[in-house]
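Asker: quick check, what structure comes out for this input:
(2 chains)
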Amino acid sequence: MTTATAPVSTAPPTPVKKLLRDPQALISGGFLLLVFLAVALAPLITRFDPNHADLSRMLAGIGEEGHLLGADNAGRDIFARLLFGGRNSVLGALLAVGVALLVGTTSGLIAGYFGKWFDNLSNNAASLLQALPGMVILLAARAVVGPSLWIMMAIFGVLLSAGTYRLVRSAVQAVRNELYVDAARVAGLTDWRIIFKHVTRVVRGPVLIQAAFMLMIAIAIQAGIEILGLGDPTMVSWGGMLADAFSRLFVAPILMLWPSVLMALFALSLTLFANSLRDALDGTQRTSPATIRNVFKKVEADKATTGVRESAIEMDADELLRIEELRIGYAMPDGSIKQIVHGINLDVRRGEVLGLIGESGSGKTQTAFAVMNLLSEGGTILGGRVLWQGRDLATLTEREFADVRGKQIAYIPQEPMSNLDPSFTVGQQLVEPMRRHLGLSKAEATAKAIALLDRVGIHNPERVFMAYPHEVSGGMAQRVLIAGAVSCDPDLIIADEPTTALDVTVQAEILDLLRSLQAELGVGVLMVTHNFGIVADICDRVVVMQEGEIVERGETTAMFASHDHPYTRQLFGAILSPDQVRDAYAAPDADDDRIKELTS
Amino acid sequence: MTTPLLNIRDLVVEYPAKGFRKTPFRALKGVSLDIRPGECVGLVGESGSGKTTLGRAVLGLAPVTEGSITLGGKEIGNISARERRQVSKDVQVVFQDPYTSLNPSMTIEQILAEPLLARDVPKAQARQRIADLLDEVRLPSDALHRLPREFSGGQRQRIAIARALALDPKLIICDEPVSALDLSTQARVLDLFIEIQERTGVAYLFITHDLDVVRHVSHRVAVMWNGEIVESGDTREVTTNPAHPYTQRLWMAAPVADPGAQAVRREERRRLLAAQAAAAGGVPVAA
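Answerer: All right, here's what the predicted structure looks like:
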């Protein structure tokens, strides 16, 4: 609903706030920060020189002679070596990540935004880089340039950049086709300004996350090279400490412990922090499965204590579906329930078309989905009954429902294309339900499917039967779905905005088809729509929903003639009358000036 | 006759086909149309008719293969990116989907400032202009520091309209600007479009598939089918007395929001289709 008043929804927390609330992010981020600070301020923290060998202190124990973690086989302080070694290890890894980001993001931005020859070239380059075995390249590089940590890490950065390139390129390609980028072009922004203002915002999140993972890989690769004994022997580093300790494994196994623990914790923290970062940057707030289970348990418990009315189910002979006091709610991330349908009553009789109308957010589609037990994840029936042929559908298990949905209650969706599986032919998708529900043989089902395709107005049913969904038009796909809906002789068809995605001329044909099928088969139809033209065309009765409640109901003709509820009046008042035609154009007075101003 | 503001002559737009030496896809097959200052021309058609492509060609977002597009006598069809940026002051756009046409991570203030800063309008002046714009589209001034997701579809579309108005353009291309909106919202946004036009004298190319909308908002209507304009004229004339068979079918297919009238319309449509089929030699008429 649009009004000129202030918007009502509250702002969701910013990524930074989300991170601060996440214990995993706080612990892992805190540890990373501690390591960064410790290695940066190493000279202030320890008085030992990491390279000062003192043979008198060889393999000193923990705490001996001021050595916090003891000394190694050359009598060098282990704690100091961890700190100063961390400087080189972390800086080396940062160098690799920096190179990867610089090369990968730049080439990814250019390839994704401008495409053309650069895209081809850089794609091939990235494929080549990813096909090369990284370790072999590094070993070869070491043979040529010698044991320099920095050169090795820079080369490794180039190898890593292929991954960043692909990530950035696909993100940029996605955003390049967004309407807001078109709008920015129309607004007169230069390409570079668009890349800087619009594209980098989208790329930033995923790149940040990938950088954290790359940092971890770089540390590990570095250690690998040094354990092989190919590192720079004059330079202290975590990997180098490991290599030293490895050679004294049987004399002083504890020497392995410190660098291993530190590297493991560092890598673990990076992974956990990257995961938290991903969750924080992901704008959507999803309700976790555990929360949903808890909420559902609570709902069941509530139903049990309030006592389900065990009153007998009595339905008139011509009453097909009766909804009593139906309430629908969704589990929220904080464990509460947001009720969106507040106790509605309605019924559909045999052979009638009931229109369920309302604007977006009125709960009309949710009501239809609740009848079919197809609410989205986290949604549930909080109370009330859905009566169908002597049963309460709200109490059925998913297994029991399989015999009702598709066979007794059929469904025609809004988006025909997304409701056909692209990997099966139209025929396969029509035949399978008939075999399952009607027990037909394959040949019988095929014959019936082709007859149905003919019935719904498809001129060449055999060809469409063999076709895949992408080979048919939207209007034809909707005819196929209608054929599927009536294939198992249902008693009720739920149609959710069945013509909204179609052109007007196709819409008229689909409505004609629905009308004639409905008369022929005598089925009841629950038609969810927001279009008053469709209501006038096909509905016998109308129910108007607003914000989860039914505000008015009646026969269609009577409803169009008079309506009482203010909301219904507002809705009907918004219909653009065909008589309301804008007058012919009259040239404005200032006209000539405007043209002059333009041409000057 | 007033001099046209926008003049499209024999416009052809072709998209290259995938694959070597395939014939390119011809989305527009020689379209001519003009729009006078302060006029609203409705462009009606179904999916694939080329109506959106026509709008995108005027905006410089679709390739002009042949023909010309002039704005105030100046060619804007095939021009360099630099010249195009100059045109942006005069031609703006409101897209169909108010959800994807606003960058979700920018505040309303940043979104509205964008066209102004692109033209180096001084900051203080830009701020004043943004406040005026919000006022013009009836949004509260506290909307400035919020993100698009905090607004409903109708409010977002108002923001998109404000952005289009920022540079005080001569022409706005409106590509299905109310199709994604609820009925009551739609009526209010349409009224806003008309009111802005009457006050500022901006011209609209109003692309839509909804005949009720086009009747309500446009002075003149052009009907597109299969990459061509098959009929055009004053709204009242074209909508009450359509000449082209496709226009007749299109008009008859749109349901009337009145059960009695719709029953009559249905019958008329059946007769029309039968008559057109008979005229075509017994072949049923397809849309």
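Asker: list the buried residues in stretch A:213-226.
Answerer: Residues A:213-219, A:221-226 are the ones in stretch A:213-226 that count as buried (16 or more other CB atoms under 10 Å in any protein chain shown). Glycine gets a C-beta too; all of them are placed from N, C-alpha and C.
Asker: which residues of the chain score low on pLDDT?
Answerer: Since you didn't name a chain, this refers to chain A. Where chain A drops to pLDDT under 70, the residues are A:1-13, A:282-286, A:306-312, A:588-600.
Asker: oops, I was thinking of chain B
Answerer: Low-confidence segments of chain B (pLDDT under 70): B:1-2, B:18-20, B:282-287.
Asker: ranges for the helices of it?
Answerer: Under the criterion DSSP state H, chain B contains helices at B:51-59, B:81-87, B:108-118, B:123-136, B:153-165, B:183-200, B:211-217, B:235-240, B:245-253, B:259-279.
Asker: how about the buried residues of stretch A:213-226 in CSV, adding distance to chain B and secondary structure?
Answerer: What follows is these, written out as CSV (distance: CB to the nearest CB, whole Å; DSSP: H, G, I helix; E, B strand; the rest coil):
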residue, distance to chain B, secondary structure
A:213, 23, helix
A:214, 24, helix
A:215, 25, helix
A:216, 27, helix
A:217, 29, helix
A:218, 29, helix
A:219, 32, helix
A:221, 34, helix
A:222, 35, helix
A:223, 38, helix
A:224, 39, helix
A:225, 40, helix
A:226, 42, helix
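Asker: which among those residues gets closest to residue B:82?
Answerer: residue A:214 (38.9 Å; CB to CB).
Asker: neighbours of the nearest residue to that closest one once chain neighbours are set aside, just the number please.
Answerer: Once flanking residues are discounted, residue A:214 sits nearest to residue A:97: 4.9 Å by CB to CB, 6 or more residues apart in numbering or on different chains. Neighbourhood size, residue A:97 [other CB atoms under 10 Å in any protein chain shown]: 25.
Asker: element containing residue A:97?
Answerer: helix A:78-114 (DSSP states H and E).
Asker: for that helix, packing partners?
Answerer: The contact analysis (3 or more CB pairs under 8 Å, 6 or more residues apart in numbering or on different chains; DSSP states H and E) places helix A:78-114 against helix A:23-40, helix A:42-45, helix A:116-131, helix A:149-176, helix A:200-227, helix A:238-247, helix A:254-281.
Asker: tell me what the next helix or strand after the last one is packed against?
Answerer: Of the helices and strands lying after helix A:254-281 in sequence (DSSP H and E), the nearest is helix A:289-306. Counting contacts by 3+ CB pairs under 8 Å, 6+ apart, helix A:289-306 packs against strand A:319-331, strand A:379-388.
Asker: got the angle for helix A:289-306 vs strand A:379-388?
Answerer: Counting by axes from the mean of the first three to the mean of the last three CA atoms, to 10 degrees, helix A:289-306 lies at 50 degrees to strand A:379-388.
Asker: residues near the residue in the stretch 301-450 of chain A positioned nearest to chain B, how many?
Answerer: Using CB to the nearest CB, the closest approach of the stretch 301-450 of chain A to chain B is made by residue A:359 at 3.9 Å. Per other CB under 10 Å, the neighbour tally for residue A:359 reads 20.
Asker: quick check: closest non-adjacent residue to it.
Answerer: Excluding the flanking residues, the one nearest residue A:359 by CB to CB, 6+ apart is residue B:182, at 3.9 Å.
Asker: now the one you found: how far from residue A:571?
Answerer: From residue B:182 across to residue A:571, the span is 9 Å (CB to CB, to the nearest Å).
Asker: quickly list what's touching both of these two.
Answerer: Shared contacts of residue B:182 and residue A:571 (CB atoms under 8 Å, 6 or more residues apart in numbering or on different chains): residue A:359.
Asker: tally of neighbours for residue A:290?
Answerer: Using other CB under 10 Å, residue A:290 has 9 other residues around it.
Asker: likewise the one 4 residues further on?
Answerer: Around residue A:294 there are 13 other residues, counting by other CB under 10 Å.
Asker: same question, residue B:127
Answerer: 16.
Asker: try the one 3 residues further on
Answerer: A total of 22 residues lie near residue B:130 under the criterion other CB under 10 Å.
Asker: from memory it sits against residue B:111, does it?
Answerer: No: counting by CB atoms under 8 Å, residue B:130 does not reach residue B:111; the two are 9.5 Å apart.
Asker: overlap of the contact sets of these two?
Answerer: Common neighbours of residue B:130 and residue B:111 (criterion: CB under 8 Å, 6+ apart): none identified.
Asker: neighbouring contacts of stretch A:17-27?
Answerer: Here stretch A:17-27 has contacts from A:13, A:29, A:269, A:272-273, A:275-277, A:279-280, using CB under 8 Å, 6+ apart.
Asker: kindly recompute the last result at 7 Å.
Answerer: A:272-273, A:276, A:280 (CB atoms under 7 Å, 6 or more residues apart in numbering or on different chains).
Asker: got it, and stretch A:275-284?
Answerer: Contacts for stretch A:275-284 (CB under 7 Å, 6+ apart): A:15, A:18-19, A:22, A:24-25, A:28, A:205, A:208-209, A:212.
Asker: closest to residue B:244 among those?
Answerer: residue A:205 (51.3 Å).
Asker: so how far is chain B from the closest one?
Answerer: Here residue A:205 is placed at a distance of 10 Å from chain B (CB to the nearest CB, to the nearest Å).
Asker: let me see the contact set for that residue.
Answerer: Going by CB under 7 Å, 6+ apart, residue A:205 touches residue A:281.
Asker: switch the cut-off to 8 Å
Answerer: Contacts of residue A:205 (CB under 8 Å, 6+ apart): A:278, A:281.
Asker: out of the helices and strands packed on helix A:78-114, flag the one nearest residue A:587.
Answerer: Using CB to CB, the nearest of those to residue A:587 is helix A:149-176, at 40.7 Å.
Asker: buried set for that closest one?
Answerer: By neighbour count with 16+ other CB under 10 Å, helix A:149-176 contains the buried residues A:149, A:151-169, A:171-172, A:175-176.
Asker: I'd like the helices and strands packed on helix A:78-114 as JSON lines, with distance to residue A:82 appended.
Answerer: Shown next, in JSON lines, are the helices and strands packed on helix A:78-114 (distance: least, CB to CB, whole Å):
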{"stretch": "helix A:23-40", "distance to residue A:82": "9"}
{"stretch": "helix A:42-45", "distance to residue A:82": "9"}
{"stretch": "helix A:116-131", "distance to residue A:82": "33"}
{"stretch": "helix A:149-176", "distance to residue A:82": "17"}
{"stretch": "helix A:200-227", "distance to residue A:82": "13"}
{"stretch": "helix A:238-247", "distance to residue A:82": "7"}
{"stretch": "helix A:254-281", "distance to residue A:82": "6"}
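Asker: can you check which of those gets nearest to residue B:45?
Answerer: With CB to CB as the measure, helix A:149-176 is the member of the helices and strands packed on helix A:78-114 nearest residue B:45 (26.6 Å).
Asker: count of residues packed around the residue in the stretch 101-250 of chain B that chain A sits nearest to?
Answerer: When scored by CB to the nearest CB, the stretch 101-250 of chain B has residue B:154 as its residue closest to chain A, at 2.7 Å. Residue B:154 has 21 neighbours, counted by other CB under 10 Å.
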